[in-house]
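Novice: Give me coordinates for this.
(4 chains)
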Protein chains: 4
Amino acid sequence: MANKKELRIGLIGCGFMGRTHSNGYNRVSNFFPDLEYRPVLKAACSRTENKVKAFATQWGYESWETDWKALIARDDIDAVDICTPNDMHAEIAIAAAEAGKMILCEKPLSRTLEEGEKMVEAVAKAGIKNTVWYNYRRIPAVTLAKQLIDSGKLGRIFHYRANFLQDWTISPELPQGGEGLWRLDADAAGSGVTGDLLAHCIDTAIWLNGTIKDVSAMTETFIKERVHQATGKVQKVDIDDACIFHCHFENGSLGLFESTRYARGHKALYTFEINGEHASIRWDLHDLNRLEYFDHRDESIVRGWRSIHVTDGDQPFMDKWWVPGLSIGYEHSFVHQVADFLKSLESEAPCAPTFEDAYETQKVCEAVIASANSRSWKNVD
Amino acid sequence: MANKKELRIGLIGCGFMGRTHSNGYNRVSNFFPDLEYRPVLKAACSRTENKVKAFATQWGYESWETDWKALIARDDIDAVDICTPNDMHAEIAIAAAEAGKMILCEKPLSRTLEEGEKMVEAVAKAGIKNTVWYNYRRIPAVTLAKQLIDSGKLGRIFHYRANFLQDWTISPELPQGGEGLWRLDADAAGSGVTGDLLAHCIDTAIWLNGTIKDVSAMTETFIKERVHQATGKVQKVDIDDACIFHCHFENGSLGLFESTRYARGHKALYTFEINGEHASIRWDLHDLNRLEYFDHRDESIVRGWRSIHVTDGDQPFMDKWWVPGLSIGYEHSFVHQVADFLKSLESEAPCAPTFEDAYETQKVCEAVIASANSRSWKNVD
Amino acid sequence: MANKKELRIGLIGCGFMGRTHSNGYNRVSNFFPDLEYRPVLKAACSRTENKVKAFATQWGYESWETDWKALIARDDIDAVDICTPNDMHAEIAIAAAEAGKMILCEKPLSRTLEEGEKMVEAVAKAGIKNTVWYNYRRIPAVTLAKQLIDSGKLGRIFHYRANFLQDWTISPELPQGGEGLWRLDADAAGSGVTGDLLAHCIDTAIWLNGTIKDVSAMTETFIKERVHQATGKVQKVDIDDACIFHCHFENGSLGLFESTRYARGHKALYTFEINGEHASIRWDLHDLNRLEYFDHRDESIVRGWRSIHVTDGDQPFMDKWWVPGLSIGYEHSFVHQVADFLKSLESEAPCAPTFEDAYETQKVCEAVIASANSRSWKNVD
Amino acid sequence: MANKKELRIGLIGCGFMGRTHSNGYNRVSNFFPDLEYRPVLKAACSRTENKVKAFATQWGYESWETDWKALIARDDIDAVDICTPNDMHAEIAIAAAEAGKMILCEKPLSRTLEEGEKMVEAVAKAGIKNTVWYNYRRIPAVTLAKQLIDSGKLGRIFHYRANFLQDWTISPELPQGGEGLWRLDADAAGSGVTGDLLAHCIDTAIWLNGTIKDVSAMTETFIKERVHQATGKVQKVDIDDACIFHCHFENGSLGLFESTRYARGHKALYTFEINGEHASIRWDLHDLNRLEYFDHRDESIVRGWRSIHVTDGDQPFMDKWWVPGLSIGYEHSFVHQVADFLKSLESEAPCAPTFEDAYETQKVCEAVIASANSRSWKNVD
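Specialist: Presented below is the predicted three-dimensional model:
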């Protein structure tokens, strides 16, 4: 490792995503020994000193900051990783770009399209490497789906459907806002399940099936009021608890998307299915090592959905891990994204999804919310 | 059997549904020995003499007719079973009602709401027993779902989703119209997947989850032209190949429905799932003996979706068949509907779904088509 | 139907198997219209008059008997169907053969090898058609498995494993013996799970994978004493509650078999799996329409177990039933066996499994029990 | 981390297991921050300098050795981790014990019972901490199974069955012996699937269900000769390609075990199932986050196998990782074992399975091989 070039990371935000990213940095060199670069955990940043100190110690950061501007100002930082609540993404990213730092930003890109546009402009102007952590693209089974689609195995696509179902906010006793629950506070999150969950589904969908043209959506807030942790008072809930939309893709296929935090029995059920003329594919985050595949060209009497355990060395990323049959997990998608980001430093190539890619997802999210609010179809443009 | 009262059946239409219903009549007395009535297969009717004769011989009908009006005119017929293409439902049903015959009508009730309204009026005026063959209600696992919901086990309902996916019309070589393929001809069928497949989903949904208030839909015809079997010419396809809609139920829950004949890999994938505050249920026609059930009140460390093999004597209808673990199939749903129709003759009770019930489904179908055509939300009323 | 030749059936034993067979006779002509023969339910026989009368009425038998010898003596009976407890199989079958009747005998063939040998001799001497109701061969998915193996798709076979797991005798309160529970009484049944359940597994195994050479077995009786229904007294239980054995097949593959009535959670879990050089197959009675198939010759990145929903017209027996995706059930295996028996009347061909075939299964059962009792390997010969 | 006490590791053997263990050491402090100890990767050892150098660099070892005796002799090593082929376990372990080093030894403990006995004596005499890497105990779903059994939820146990099926040695072209394939060489491995795969099943079984009393086994070598990589010559294959045995447990339950490398379609299918009076449990390594659980005490109409996604904070180890619904993988079991070993340093408690525990597994393996060779039952003692 001594001979590798360093990518010095400054990470802002020490919550759940701070952990997943830090783990990605810590593991990548063990499993991707051929990369020219290696990440160095230079500094972690969070407002609360005790918290950031403990986090930095646990994850092996060399130092810590409590002011993100101080972190950005440091000369020994090459790349800024933004893991804050969504309401800080734009400000930090723009400042980091202006400071010439590379940026790895947690999804969704921004709360609003307007914020997102400024962020895209900022990184373009600065000419810096950038990526957004839509990590599910790099689950091996999902990457394999992309390969199969790109190979033409599916033929003309008719249908794309995806959902992201959870059940953790059903209790009316659950408060909103504050640390740990900022995703339930519209000011911090921008939206509810649309930005938090559907954004993942949309990113994958655009990647696998191309541009979305127009959408017709509905949203719902089942629990209308919750105690806000910041104020201690019962306040109106402004996020969407559930969001459903159908749409047309540019390629003529129909899309169907649903997300909710009120689907009892589903912890994190992100599934997608794509139906083509010749073949179909489906995937489920709960059993993320498996890809299901149906090929109509199989001999008719033995035709059926195949359950592919994506753990072989000739399947995406799996030459880096163990042996056939041995599973990897959720966190590996982040290791893969770190690996691909480091790889992108070796050339001019971007590390998708970039801010620009993520902005496309943001446009769909914005159209979805607008459609739901106006009870009408909205074009994505 | 000698002591049972007779219900003398005249069946019109000797296609696929003629077979499923005839099997229902033939088997019911073997498995429901306690019924006061038994069906007697008095006459089958179809336009082609050779065909109806062979059908009557195969299924044990005592006689046959080639003119449905002649069948209705016969004194030795108590009940008319309508298995024709959809475009004949209204005319036959109204004539049968006027002749004082009971009616068992294949679904969907009618091609249009207007036709349906007249049919409802006709049976009401005649005061006759009537039912529509939405057979899936009487799959034991589906009936069990109804019992669980009615028992309150699910609590407040948040989500209902259903789909009916097939893949048999993907080839552009497939013609439309004529015998066997009238479902692809809008004149004969009224609509495409909406009336053929979604109508099943809607019937079950209303039964399990109550009234649908409003809908937002889209439809698509993927193959725009096909040879018509009647004319031998390439003609515009007027049916919907796919239909997707979301909706609000009266009880505040959100609905999501999809149907298509272009979902490669799915032969007849009718699934539904309902998410309640405390528990959730899902079902899949491909594995129809199983009901999946999740109960949040289970002890947390051993909480999971239960795969219930609905074959025990204390589960709906299963005391009539074999022993625990031994499956029944699709056709049994028709036997159950015959049994329940016969049972209804012992009292004043209707045999749901009646024409009136099926008319509710028709209203939703009509609103769905109207919504898709106008690209706007439509109320169901 | 009027033109068909008659096969006049006399059925002895009106319990569970009496029902499955009667249903087979009643349905076959509706679904197999091309057969030259049709079964006619001439007489049912059981010792208790009330019972046999009700049974005959329910199932449509023209008459009834309370003495099986009287039934065999009747001129208007062509074939005797034996559905009694196992202890009556030999006596009835031998008498029926001597009377020149065809015989359809419920499995297992006999309680002992000695009885079985006499039965085989009797039918051979009489030169009559005979079959044993190992019905699972004619589940379409199982028949498809046979076709795939015979086609050579699997290549050299390495492993065969099967089990039949139930859980209905776990309660010590359950009595043994008498009507309904004679399977728990060694005198009536011959053995416990070996003859009742493993015999099915062995029959399928020999059919699919050839002769079994030698076995090493163990058996267990978990509940040592139960009230006997005949005496009202607590008596020693002599049947095997569980039986496990491994074996060598003639073709060099290894076999592994297990059966029990103490596997909590399994109602009737009959599964088998066969692993070949190129491909593997597995099946589960609980989901009997599905066959799972793995083919190593598939392209490596999309290789996986296929879940084949065996409901298409080009799969065994399925052209007779509904349309793709629509399930059939347990009882259909008996309809298929009736159809094949009737078909066999059109030529010299036997209807497998014959008494002779079933005797092979009996030999394995006997070796299994002997091996368990002696704690040593036993050859099957 | 600075304040933690160090456990200085010297790892011998840089193959597949060297990687899994090294990863365990590297990750444990990130996820188990409360431990008093942290591992320090002091030295890696392998005979080939290039190889060990690259390994040490990749995994972050401070130094390397090419002679294991030199490694053991170093003062700056607290614990020796043995990841060599099985034929070196005993010699290294005994030397390490004599040098007063703690030992973490890869499974199986030894090639023979004789070797194992000496190893147990050596660590006992030295009074050092020791553990054997039967890692599957610490898959969260497996640990949960242990908790459920210990809680009494299953009641009296009737059946335990397990198998470990692979398919990677079916090709006759595959050579035996040498690096990467020493598991196919009886001299290096001791046995074939018995020590490599069944040993895992036996370790779990004893842990979950107690002592095994006696066994009846068979083994098979399907491919009799293979090229040996060391000699380049076709040589007799001495390992067992497949091994099947049944057994009695001390608690009166019956056991059934099977392992093979010739089960086409199974990459690493380790499954076990345990059937108790009240409840049953099953698990499958291919979907390692799931535990299936059936509880007969559930209300009868909604009774079914539960598929528990073991990813919640109140399930074993899962408070250390992500959020409900997000999977972990194979490698985490090693992290957990490292954590538990470090924890054991804080007290007098051993870290199971110890050499003594693993010796019990070895005794069963030896009895299994002896039984297969003699075609007779063997007691385990």
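
Novice: What parts of the stretch 101-250 of chain A come near chain D?
Specialist: A:166, A:168 (CB under 8 Å from any CB of the partner chain). Quick note: C-beta positions are derived from backbone N, CA and C, even for glycine.

Novice: Now do the strands in the stretch 101-250 of chain A.
Specialist: Under the criterion DSSP state E, counting those that start in this stretch, the stretch 101-250 of chain A carries strands at the ranges A:102-105, A:130-132, A:157-165, A:212-220, A:225-227, A:234-236, A:242-249.

Novice: would you list these in JSON lines and tack on mean neighbour count and mean pLDDT?
Specialist: JSON lines is the format used below for the strands of the stretch 101-250 of chain A (neighbours: other CB atoms under 10 Å in any protein chain shown; pLDDT from 0 to 100):
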{"stretch": "strand A:102-105", "mean neighbour count": "25", "mean pLDDT": "98"}
{"stretch": "strand A:130-132", "mean neighbour count": "29", "mean pLDDT": "98"}
{"stretch": "strand A:157-165", "mean neighbour count": "25", "mean pLDDT": "98"}
{"stretch": "strand A:212-220", "mean neighbour count": "23", "mean pLDDT": "98"}
{"stretch": "strand A:225-227", "mean neighbour count": "17", "mean pLDDT": "95"}
{"stretch": "strand A:234-236", "mean neighbour count": "13", "mean pLDDT": "95"}
{"stretch": "strand A:242-249", "mean neighbour count": "25", "mean pLDDT": "98"}
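
Novice: Counting neighbours, what do you get for the residue in the stretch 151-300 of chain A positioned nearest to chain C?
Specialist: For the stretch 151-300 of chain A and chain C, the shortest gap (CB to the nearest CB) falls at residue A:293, measuring 5.2 Å. Residue neighbour count, defined by other CB atoms under 10 Å in any protein chain shown, stands at 27 for residue A:293.

Novice: Helix, strand or coil: sort out it for me.
Specialist: Here residue A:293 is strand, with the state taken from DSSP: H, G, I helix; E, B strand; the rest coil.

Novice: from what I can see it touches residue A:147, true?
Specialist: No - look at residue A:293 against residue A:147 with CB atoms under 8 Å: they stay out of range, at 11.5 Å.

Novice: coming back round to it: is the residue of the stretch 151-300 of chain A closest to chain C bridged to anything, and to what?
Specialist: With DSSP bridges as the criterion, residue A:293 is bridged to residue A:281, residue A:306.

Novice: and stretch A:166-175, how far out from the chain's middle?
Specialist: A distance of 23 Å separates the centroid of the chain from that of stretch A:166-175, by CA atoms, centre = their mean, to the nearest Å.

Novice: I'd like the C-alpha coordinates of it written as CSV, please.
Specialist: Taking C-alpha atoms only, stretch A:166-175 is exported to CSV below (Å, rounded to 0.1, in the frame of the first residue of the first chain):
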residue,chain,number,x,y,z
GLN,A,166,-40.7,0.1,4.5
ASP,A,167,-42.7,0.0,7.7
TRP,A,168,-40.8,1.9,10.3
THR,A,169,-43.0,5.0,10.7
ILE,A,170,-46.3,3.4,11.3
SER,A,171,-46.5,4.3,15.0
PRO,A,172,-48.0,7.7,15.6
GLU,A,173,-45.8,7.9,18.7
LEU,A,174,-42.7,8.3,16.5
PRO,A,175,-41.6,12.0,16.5
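
Novice: That one close to chain B?
Specialist: Yes - on the criterion CB under 8 Å from any CB, stretch A:166-175 is in touch with chain B at A:167, A:170.

Novice: Next, the buried residues of that stretch.
Specialist: Applying a neighbour-count criterion of 16 or more other CB atoms under 10 Å in any protein chain shown, one finds A:166, A:167, A:169, A:170, A:175 buried in stretch A:166-175.

Novice: which one of those sits closest to chain B?
Specialist: residue A:170 (6.1 Å).

Novice: For the residue nearest to the closest one when sequence neighbours are not counted, give me the pLDDT.
Specialist: Among residues not flanking residue A:170 along the chain, residue A:262 sits closest, at 5.6 Å (CB to CB, 6 or more residues apart in numbering or on different chains). Predicted confidence (pLDDT) for residue A:262: 98.

Novice: how about residue A:262, secondary structure?
Specialist: Per three-state DSSP, residue A:262 ends up coil.

Novice: In contact with it, which residues?
Specialist: Neighbour list for residue A:262: A:167, A:169, A:170, A:222, A:241, A:242, B:158, B:159, B:275 [criterion: CB atoms under 8 Å, 6 or more residues apart in numbering or on different chains].

Novice: Pretty sure residue A:265 is one of the things the first one touches, is it not?
Specialist: Yes - counting by CB under 8 Å, residue A:167 sits close enough to residue A:265 to count as a contact (6.4 Å).

Novice: Which neighbours do those two have in common?
Specialist: Common contact partners of residue A:167 and residue A:265 (CB under 8 Å, 6+ apart): B:275, B:296.
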